[in-house]
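1. prediction below, plus the sequence it came from.
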There are 2 protein chains.
Amino acid sequence: MRELGEFALIARMNAGRAQAPGVLLGPGDDAAVLAAPDGRLAVTTDMLVQDRHFRLDWSAPEQIGRKAIAQNAADVVAMGAVPTAFVVALGCPGATPVAVIDGLTAGMWAEAGRACGASIAGGDLVRSPELVISVTALGDLEGRAPVLRSGSRAGDVVAVAGRLGWSAAGLHILLERAAVTPSPPDGADAPDAVTARGGSGTQAAGAGASATGGCTPLGGFAPGPRSAGADTLAADSLAAHRAPRPPYAAVLDALRAGARPTAMADTSDGLLADLAHIAEASGVAVDLDSTALADPALAELAAALEHDAAQWILTGGEDHAFVATWPAGTELPPGWRAIGRVTAGSGVTVDGAEYEGPRGWESFAGAGSPPVGDPR
Amino acid sequence: MRELGEFALIARMNAGRAQAPGVLLGPGDDAAVLAAPDGRLAVTTDMLVQDRHFRLDWSAPEQIGRKAIAQNAADVVAMGAVPTAFVVALGCPGATPVAVIDGLTAGMWAEAGRACGASIAGGDLVRSPELVISVTALGDLEGRAPVLRSGSRAGDVVAVAGRLGWSAAGLHILLERAAVTPSPPDGADAPDAVTARGGSGTQAAGAGASATGGCTPLGGFAPGPRSAGADTLAADSLAAHRAPRPPYAAVLDALRAGARPTAMADTSDGLLADLAHIAEASGVAVDLDSTALADPALAELAAALEHDAAQWILTGGEDHAFVATWPAGTELPPGWRAIGRVTAGSGVTVDGAEYEGPRGWESFAGAGSPPVGDPR
């Protein structure tokens, strides 16, 4: 890529791309110009660092590009705004194959399009020791008030749109693989099956493996009889981790139809952590209903992997589902399901009790942090 | 810093900060909300990577923060827009001293304030192997058409606001110091004087030193008699490199007073390179007048350093001055000086001839690239 040069690469990244209608001036000048018909714009930024937030041997460049856009688009949608455009600053080593840049770019454009027809309006390309992707997303509020974290009131219903825990399950599988093979030779092209490398499902498993503790040998996830669907479920979870698909439409269709949540966030840090932010900002407590949170398919996968589905659901980050609180009596819009209740007080409980398992982690949380999987 | 944790650090970075009036909702939710009274927003993003775009032993964190904001603000102003707000994604090693973050933050806020009272409306903080600062700037067009690169017409006057070549001179001094002492122990706190470490100005100089070739021993910049002002000039150039001060007001006051350049850019890549972009986008040629470009003070510094001031002026990046073309007969607004003429044709010449010296360089330009000083 250093042979192509910065300007040629930027031209290549923009070649043949059609800008969204809200992009009045695209790449090529000192700045882009966006329409802001509402008179306001929502704006958010997230940075992804190679081997911290993604690994090139775990994800295809196209998936990494999708994820970078999705996590920013989800933040904009969680404010109740429609993504208008993205700008992307990309740092990469001079030896980066052009195919990696092509894949990243294709993924970013694909997810921008999925996020309500937005586009990449501009960016920057610099050299850096490892890949760094910094995305800023902009969104239009379409005349509505932004949906803040601070609006929850006691009596509200807590509801979620999108799946919870699947990204964490995928990360779990990748981490266990990596613990056995630090640099998996199969990389992102490996078959995403529980049995992909271990042969028969009757192979002996490492006993007592957990997400934070010991490692289960590859292919040895299932100690007992296993459903024929476990491999499919594992592939699902890996896909969810590599390229989350936030259900933007569940939020935006509801808002456009007049539904009004009192507070909303996307589940980037994990359900408990994100609801804790809402509870704190709103001065309320939240109690979750474990029965409503149960996910039979994820439970089946968890059983096959000898893991705890509830932990993935409650603390797993990066699903980029949407969690919101709705006034009592609201008929939940399509795509939303009730999972709990807002009450007076503070904090977040599950079935009335504090969750005792491990929580989500922070970027600078120290020794306990996994090498990738930072939800931010 | 890893002990503080991500959320505590973010709180620390935002503590006591007053948001600009155009920031309707600041940090703390999924996204910020900005006013866009014009119905449009200009947006641009630039990434700075440690040891590529800045060095912690060359610049104080506060200067690095200023530079990160300034280069983005200059892009917004070069479109004819007023900076409204910035969002900042910051990657840093877990061992980064909190004082470094404090300095970066202070510098960013100071320059945002200088950029017409804007503020830092939001951001992201992640861990990365080296410092990475990714800034997105947003600006309001105040009802005016954006000033593009494509509007130049033959007969226009080329004019500049701000100093040219001073950042390159400062980089030259830093590179020569580094060639002698790879990791200068004095760092950003060193006295910024030509004679700072070499004692008397009569010390013998390394003969024939140049910016791209051999190295001049520290303190040996001046082979002959030197003006008493050389140390001050060197300090000026170092300050210009470490924290450029784009003359935002020269552009915005002119626009608000009704002046209308036909094309404009900031000099981030070097005057010749940035004018080449304008010439290409507009389908015109530009001829510069070397006499009008002459800078006696820079020439004095260049003589003391045995360097060519014209090269700094013509190809040095990162000054973030503004260059614009104005209709013939325009009385140039305060702060602007004519430096050339737009003609029919293509390309950029100096006194009617092609510039033969080395050009500005690209991020991925390969072996010839200096370790820092990437203008983007």
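-> Cool, got the structure.

2. how about the strands in chain A?
-> A:23-25, A:32-35, A:40-49, A:82-92, A:119-127, A:132-140, A:157-161, A:263-266, A:285-288, A:322-326, A:336-343, A:347-350 (DSSP state E).

3. deepest-packed of these, please.
-> strand A:132-140 (a mean of 30; mean count of other CB atoms under 10 Å in any protein chain shown). For every residue, glycine as well, the C-beta is placed using N, CA and C.

4. check which helices and strands that strand sits against.
-> strand A:40-49, helix A:61-78, strand A:82-92, strand B:40-49, strand B:82-92, strand B:132-140 (3 or more CB pairs under 8 Å, 6 or more residues apart in numbering or on different chains; DSSP states H and E).

5. thinking again about what came up before, closest one to A:E111 among the strands of chain A?
-> Closest approach to A:E111 among these (CB to CB): strand A:82-92, 9.0 Å.

6. dump the strands of chain A into TSV; add mean pLDDT as well.
-> Formatted as TSV, the strands of chain A follow (pLDDT from 0 to 100):
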stretch	mean pLDDT
strand A:23-25	97
strand A:32-35	97
strand A:40-49	98
strand A:82-92	97
strand A:119-127	96
strand A:132-140	98
strand A:157-161	98
strand A:263-266	98
strand A:285-288	98
strand A:322-326	98
strand A:336-343	98
strand A:347-350	97
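
7. what residues does the stretch 151-300 of chain A have near chain B?
-> A:M264, A:A265, A:D266, A:A281 (CB under 8 Å from any CB of the partner chain).

8. could you check how far the second one is from B:D30?
-> The reference is to A:A265. 6 Å (CB to CB, to the nearest Å).

9. now for the two: what residues contact both?
-> Common neighbours of A:A265 and B:D30 are listed as A:A78, A:R149 (criterion: CB atoms under 8 Å, 6 or more residues apart in numbering or on different chains).

10. A:Q50 pairs with what?
-> Applying DSSP bridges to A:Q50 yields these beta-bridge partners: A:F54.

11. just give the number of residues close to it.
-> 21 (other CB atoms under 10 Å in any protein chain shown).

12. that one touches A:L104, doesn't it?
-> No - at 11.1 Å, A:Q50 does not count as touching A:L104 under the criterion of CB atoms under 8 Å.

13. so, low pLDDT: which residues of chain A?
-> For chain A, applying pLDDT under 70 flags the ranges A:181-228, A:358-376.

14. could you list the domains of it?
-> Recorded structural domains for chain A (assignment: automatic domain parsing) are A:6-140, A:147-376.

15. just how off-centre is the first one within its chain?
-> So the one you mean is domain A:6-140. Put simply, domain A:6-140 sits 15 Å off its chain's centre (CA atoms, centre = their mean, to the nearest Å).

16. pull the most distant pair out of the residues of the stretch 151-300 of chain A next to chain B.
-> Top of the distance list for those (CB to CB): A:D266 and A:A281, 14.6 Å.

17. follow-up on the earlier one: quick one: which of the residues of the stretch 151-300 of chain A next to chain B is nearest B:Y355?
-> Distances from B:Y355 to those, taken by CB to CB, are shortest for A:D266, at 51.8 Å.

18. which strand residues bridge that closest one?
-> The partner residues for A:D266, given DSSP bridges, come to A:F322.

19. still on that earlier bit, looking at the domains of chain A, which is buried most?
-> Highest mean neighbour count of these: domain A:6-140, a mean of 23 (counted as mean count of other CB under 10 Å).

20. ends of it, how far apart?
-> Domain A:6-140 has an end-to-end distance of 31 Å (CA to CA, to the nearest Å).

21. next one: phi and psi at the residue nearest the centre of chain A?
-> Nearest residue to the geometric centre of chain A (CA atoms, centre = their mean): A:E318, 3.2 Å. When read as degrees, to the nearest 10, the backbone of A:E318 gives phi 70, psi 10.

22. surely it meets A:A168?
-> Yes - in this structure, A:E318 is within contact of A:A168 by CB under 8 Å, at 7.4 Å.

23. ok so, going back, quick one: closest of the helices and strands packed on strand A:132-140 to A:H172.
-> Nearest to A:H172, of those and by CB to CB, is helix A:61-78 at 17.1 Å.

24. touching chain B at all, that closest one?
-> Yes - applying CB under 8 Å from any CB, one finds helix A:61-78 in contact with chain B at A:A74, A:D75, A:V76, A:A78.

25. and the last one, how far is that from A:A250?
-> Per CB to CB, A:A78 is found 12 Å from A:A250.

26. shared neighbours, these two?
-> Joint contacts of A:A78 and A:A250 (CB under 8 Å, 6+ apart) are A:F322.

27. my read: A:I101 touches A:E6, true?
-> No - if you go by CB under 8 Å, A:I101 and A:E6 don't touch, sitting 11.4 Å apart.

28. A:V126 contacts B:V49, doesn't it?
-> Yes - with contacts counted by CB under 8 Å, A:V126 reaches B:V49, the gap being 6.0 Å.

29. any residues in contact with both of the two?
-> A:G91.

30. picking that back up, kindly state which of the helices and strands packed on strand A:132-140 is positioned closest to B:G117.
-> Within the helices and strands packed on strand A:132-140, the stretch nearest B:G117 is strand B:82-92; the backing value is 8.5 Å (CB to CB).

31. in its sheet, what does that closest one sit against?
-> strand B:119-127 (parallel), strand B:132-140 (antiparallel).

32. check contacts around the residue in the stretch 101-250 of chain A that chain B sits nearest to.
-> In the stretch 101-250 of chain A, the residue that lies nearest chain B is A:S134 (3.5 Å; CB to the nearest CB). Residues in contact with A:S134 (CB under 8 Å, 6+ apart) are A:45-48, A:88-91, B:45, B:47, B:89, B:124, B:132, B:134.

33. and if you look at A:A161?
-> So A:A161 contacts A:P247, A:A250, A:V251, A:A321, A:F322, A:A324, A:G335, A:W336, A:R337 (CB under 8 Å, 6+ apart).

34. cool, and A:S237?
-> A:W166, A:S167, A:A169, A:G170, A:H172, A:I173, A:L298, A:L301.

35. now do the helices in the stretch 151-300 of chain A.
-> Assigned by DSSP state H, counting those that start in this stretch, the helices in the stretch 151-300 of chain A fall at A:166-180, A:230-242, A:248-256, A:271-282, A:290-293, A:296-304.

36. next, format these as a markdown table and append distance to A:G26.
-> Shown next, in a markdown table, are those (distance: least, CB to CB, whole Å):
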| stretch | distance to A:G26 |
| --- | --- |
| helix A:166-180 | 32 |
| helix A:230-242 | 28 |
| helix A:248-256 | 22 |
| helix A:271-282 | 34 |
| helix A:290-293 | 43 |
| helix A:296-304 | 41 |
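
37. no more questions from me, cheers.
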